[in-house]
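[1] Provided below are the primary sequence and the corresponding predicted coordinates.
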Amino acid sequence: MTGVTVTMSHWLNTEKPSVRVCVREMPCVGEKWTRCTTYKRNAKQYRRVPKLKPPVRLLISLSYFFSEGIINFCVEQTNLYALQKNVDLRMSMDEARVFIGGILMSGYAKYPNKRLYWSEKSDSPRLLANSMRLNRFEKILNNFHLNDNTQAQGTDRLYKIRPLITHLNEAFLKHGGMDENLSIDESMIPYYGRHYAKQYIRGKPIRFGFKNWALNSSDGYMLQFDVYMGKNAESVPQGYGVGGDKVVDLLTKANVPHHKGFKLFIDNYFTSVKLLRNLASMGICTSGTIRDGRIEKCPLRKIAAMKKEQRGSSDFRFTDDGWQDSRCKMER
């Protein structure tokens with residue numbers, strides 16, 4: 001029988017006790033919360049798929065994710081958009097490779113103005129300047145497109161870059177291999193311009209930008225991602241909240257097998273009792289912190305009482321399906 005364990009711990013490096021929730025397979029103990037001192041983990045082991053060794057040449061590495069197919073698609077859509085604007089562009093495959101490489105290089109060698117990459121100064125990188133003229137680069141930049149605007153339906157806010165997102169997600173799964181230990185978290189893509197999807201998150205290292213949902217392996221490799229476009233623009237609600245719905249969505253898109261011993265780690269933004277029960281029914285062992293308002297009648301010791309205990313002390317309960325309250329409110 002699969003159950004849910006809630007643990008309150010007072011860690012050595014924290015002033016405030018934290019609450020953790022994990023789903024594990026354990027004997028049925030009835031419908032009531034039970035105090036326990038030990039429990040067994042009996043999850044099936046999953047043999048990790050060997051990952052590809054990193055190639056020696058950077059060009060080979062990039063070709064895994066920017067294949068000939070997606071580059072050719074970019075060329076077709078860019079030339080189509082230029083034609084719709086009555087611009088004679090005729091971008092070639094080689095020019096597309098140079099353009100994409102220049103965009104990637106600008107993320108490492110940063111300058112306040114793109115024209116500085118064509119500067120004659122000795123400390124400026126000459127790689128892009130030696131490969132393409134400035135006027136040609138700017139002309140491609142003004143017309144670069146990834147999808148046909150005339151076919152947009154207005155329902156997908158990421159329509160203009162959706163083909164690239166779909167291609168990258170497929171490439172990440174194809175070349176990365178599935179890991180037994182997975183995690184889901186949010187990350188920020190820095191952006192300081194004007195855009196309706198730009199987010200502001202106070203207290204983060206990157207406060208302004210696009211919020212990105214990411215499913216990652218234990219070594220940091222991203223297996224699947226999606227960009228947050230606002231609460232109303234998300235997929236059909238499944239009843240787990242914005243964060244919980246995205247957990248189910250990412251696991252589904254990544255085709256994570258059920259009942260194969262996979263382990264998922266999430267933080268308190270995503271964790272809810274209802275979500276853990278659903279993942280438990282899939283055979284996915286889940287561990288994550290949970291906010292105080294989400295423990296749903298679990299008789300844990302109060303935080304004030306835990307503060308008086310010695311550091312390293314803990315208190316936890318487990319149940320098979322004893323929760324009846326389905327309200328979810330997140331708070332660290």
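    Ah, there it is. Numbers count the residues shown, from 1 in each chain.
[2] going forward, measure contacts between C-alpha atoms and count neighbours the same way
    OK.
[3] what average pLDDT does the helix or strand harbouring residue 264 get?
    For residue 264, the host element (DSSP states H and E) is strand 263-266. Taken as a whole, strand 263-266 has a mean pLDDT of 95.
[4] check stretch 279-294 too.
    If you average the pLDDT over stretch 279-294, you get 89.
[5] start to end distance for it?
    Stretch 279-294 has an end-to-end distance of 17 Å (C-alpha to C-alpha, to the nearest Å).
[6] what about the closest residue to residue 222 other than its chain neighbours, which SS state?
    The shortest distance from residue 222 to any residue other than its chain neighbours is 4.3 Å, reached at residue 216 (C-alpha to C-alpha, 6 or more residues apart in numbering). The local conformation at residue 216, judged by DSSP: H, G, I helix; E, B strand; the rest coil, is strand.
[7] tell me the pLDDT at residue 216?
    According to the model, residue 216 carries a pLDDT of 94.
[8] so it touches residue 223, yeah?
    Yes. Using C-alpha atoms under 8 Å, residue 216 is in contact with residue 223, at 5.5 Å.
[9] these two: which is more packed in?
    Just comparing residue 216 and residue 223: by other C-alpha atoms under 10 Å the higher neighbour count belongs to residue 223, 26 against 21.
[10] ok, that one touching residue 172?
    Yes. With contact defined as C-alpha under 8 Å, residue 223 reaches residue 172; the gap is 5.2 Å.
[11] strands of the stretch 1-150 of the chain, start to end?
    2-9, 18-25, 34-35 (DSSP state E, counting those that start in this stretch).
[12] report the rounded mean pLDDT for the last one.
    Taken as a whole, strand 34-35 has an average pLDDT of 50.
[13] likewise stretch 87-100?
    Per-residue scores along stretch 87-100 average to 94.
[14] helix or strand next in line after whichever strand or helix holds residue 304, which one?
    Of the helices and strands defined by DSSP H and E, residue 304 is found in helix 303-307. Toward the C-terminal end, the helix or strand that comes next after helix 303-307 (DSSP H and E) is strand 314-319.
[15] hmm, back to that, check contacts around the residue nearest to residue 222.
    Neighbour list for residue 216: 182-184, 222-224 [criterion: C-alpha atoms under 8 Å, 6 or more residues apart in numbering].
[16] tell me the buried residues in the longest helix seen in the chain?
    What stands out as the longest helix in the chain, according to DSSP state H, is helix 68-84. With burial defined by 16 or more other C-alpha atoms under 10 Å, the residues of helix 68-84 counted as buried are 70-82.
[17] before we move on, what about stretch 261-280?
    Of the residues in stretch 261-280, those scored as buried under the neighbour-count criterion (16+ other C-alpha under 10 Å) are 261-277, 279-280.
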